[in-house]
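S.K.: okay, predicted coordinates and the sequence, questions at the end:
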Amino acid sequence: MFDRAIESEILELILDTPVVALLGPRQAGKTTLVRKIQEKFPNPSIYLDLESNTDLIRLQDPELYLQDREDHTIIIDEIQRMPALFPLMRSLIDRKRTAGRFFLLGSASPDLLKNSSETLAGRISYLELHPLQYQEVHDDISYSSHWLRGGFPDMLLAGSDKSANRKMSDFISTYIERDLPLLGLPASPGNIRLLMNMLVSVHGNLLNVTQLANSLKMTVPTIQTYLGYLENAFLIRRLQPWFVNVSKRLVKTPKIYIRDSGMLHTLAGITTSEDLAGNIILGNSWEGYVVQQIIAWLPFDIQYYFYRTQDGAELDLVLVKGMAVKVAIEIKYSNSPALSRGYTLAQQDLGNPLLLVITPSAEDFKLKENAFVCSIATVWDHLAKAL
């Protein structure tokens, strides 16, 4: 079992907020984590799994059951299966508002759990548990294995790359055939599978919904709906562009990524590191992997974007606090990268923030004033100082 970086933040919030919701994709380790740390909660806790018939029977009269246990922290797993609990929780909290009343685990984002965001406004704090981050496993697992297999624990810790690939294939099928329909996705599993396969080819590129719709012979609104569900289920990410200076001719279309690199590779038919090294998606896969690792690490008050102008100035990631760009990032699958004029112009456009060029394993060195090359292993020290 790996220590998770989010543990301390959970324990801080459970002392301060009536409801804490830990959200993230299935099999990211939410249940394992809460089981590990629940003994550190200030109140005694009770765990309920809404996929368990026994626990559902306990909640046949949920108001009576929960009210009789108001001095406990009630942990409710797979909360998206019973949205009717949200108004009841609000009522119980308003009768006795204390920190740590409920701890919710779910596989859907707040946007999809609209009942919670509306009913429990002012009473709930959301946290996202990403699949295992490189920072959490680097003492035991190389970046290359983590990149190939992704961060889902079952796949990352499988006995072989072939086993990891098979587990991921089964995981994708379960998500498409069971979980997404349960979240309300109005699509056939076959259409979602086609869309996921199509997203492999555009991973790390600007999102062209019309092109996707034409390729899949679907309407643009249909594709937008499907993408929304995939995003709210934590499977894909639409990275928005950063723009403040309206006088610049800026690209305003988001980029799209399949969040987990292991999922990307399985969808692309990549099983081994050799397969990946010879695949056309190598560079975009590395970019998506690093983007995911950095976003998963960021403090809650840091926002993230990419930057691109129609004149060719671009950066893969821009980290913003308030309205100030703190760090600009370029991701290169090379240990001897060079900066083109476009990156220099982009850095100047953004007010000359620290520029980090992230490589697989290069030793740190200074490219120019306020620009450094670093590796996936050393970038964290630079970010911690800058943010």
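M.R.: Perfect, thanks for sending it.
S.K.: in the stretch 201-350 of the chain, where is pLDDT below threshold?
M.R.: Within the stretch 201-350 of the chain, the ranges that satisfy pLDDT under 70 run 245-249.
S.K.: now do the helices in it.
M.R.: 209-216, 220-232, 261-267, 273-277, 282-297, 341-349 (DSSP state H, counting those that start in this stretch).
S.K.: show me what the last one is packed against.
M.R.: Using 3 or more C-beta pairs under 8 Å, 6 or more residues apart in numbering; DSSP states H and E as the contact criterion, the elements in contact with helix 341-349 are strand 303-308, strand 314-321, strand 324-331. Where you see a C-beta, it was placed from the backbone N, CA and C, and this is true even at glycine.
S.K.: what are the pairing partners of the second one, and which direction each?
M.R.: Next to strand 314-321 in the sheet, as set by DSSP bridges, lie strand 303-308 (antiparallel), strand 324-331 (antiparallel).
S.K.: okay, the last one in PDB with CA atoms only?
M.R.: Output of strand 324-331 as PDB, limited to C-alpha atoms (Å, rounded to 0.1, in the frame of the first residue of the first chain):
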ATOM      1  CA  ALA A 324      -0.700  35.700 -12.400                       C
ATOM      2  CA  VAL A 325       1.200  33.100 -14.400                       C
ATOM      3  CA  LYS A 326       3.600  31.500 -12.000                       C
ATOM      4  CA  VAL A 327       5.200  28.700 -14.100                       C
ATOM      5  CA  ALA A 328       5.200  27.900 -17.900                       C
ATOM      6  CA  ILE A 329       5.900  24.300 -18.900                       C
ATOM      7  CA  GLU A 330       7.100  22.700 -22.100                       C
ATOM      8  CA  ILE A 331       7.200  18.800 -22.300                       C
END
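S.K.: going forward, the N-terminal residue is numbered 666.
M.R.: Got it, first residue is 666 now, which makes that one strand 989-996.
S.K.: buried sites along it?
M.R.: Under the neighbour-count criterion of 16 or more other C-beta atoms under 10 Å, strand 989-996 has 990-996 buried.
S.K.: what does that strand contact?
M.R.: In this structure, residues lying in contact with strand 989-996 by C-beta atoms under 8 Å, 6 or more residues apart in numbering are 907, 951-952, 955-956, 959, 967, 972, 980-985, 1002, 1004, 1008, 1011-1012, 1015-1016, 1018-1023, 1047-1048, 1051-1052.
S.K.: quick check, central residue of the chain?
M.R.: Note on the chain: the residue nearest the mean C-alpha position is His795, at 5.1 Å, using C-alpha atoms, centre = their mean.
S.K.: tell me the secondary structure for it?
M.R.: coil (DSSP: H, G, I helix; E, B strand; the rest coil).
S.K.: give the contact list for it.
M.R.: By C-beta under 8 Å, 6+ apart, the neighbours of His795 are 689, 693, 816, 957, 960-961.
S.K.: can you lay out those residues as CSV showing distance to Ile744 and neighbour count?
M.R.: CSV is the format used below for those (distance: C-beta to C-beta, whole Å; neighbours: other C-beta atoms under 10 Å):
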residue, distance to Ile744, neighbour count
Gly689, 12, 22
Ala693, 15, 23
Gly816, 23, 28
Gln957, 25, 24
Ile960, 24, 19
Ala961, 22, 20
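S.K.: and the residues you listed, which two are furthest apart?
M.R.: Greatest spacing in these, by C-beta to C-beta: Ala693 and Ile960 (14.2 Å).
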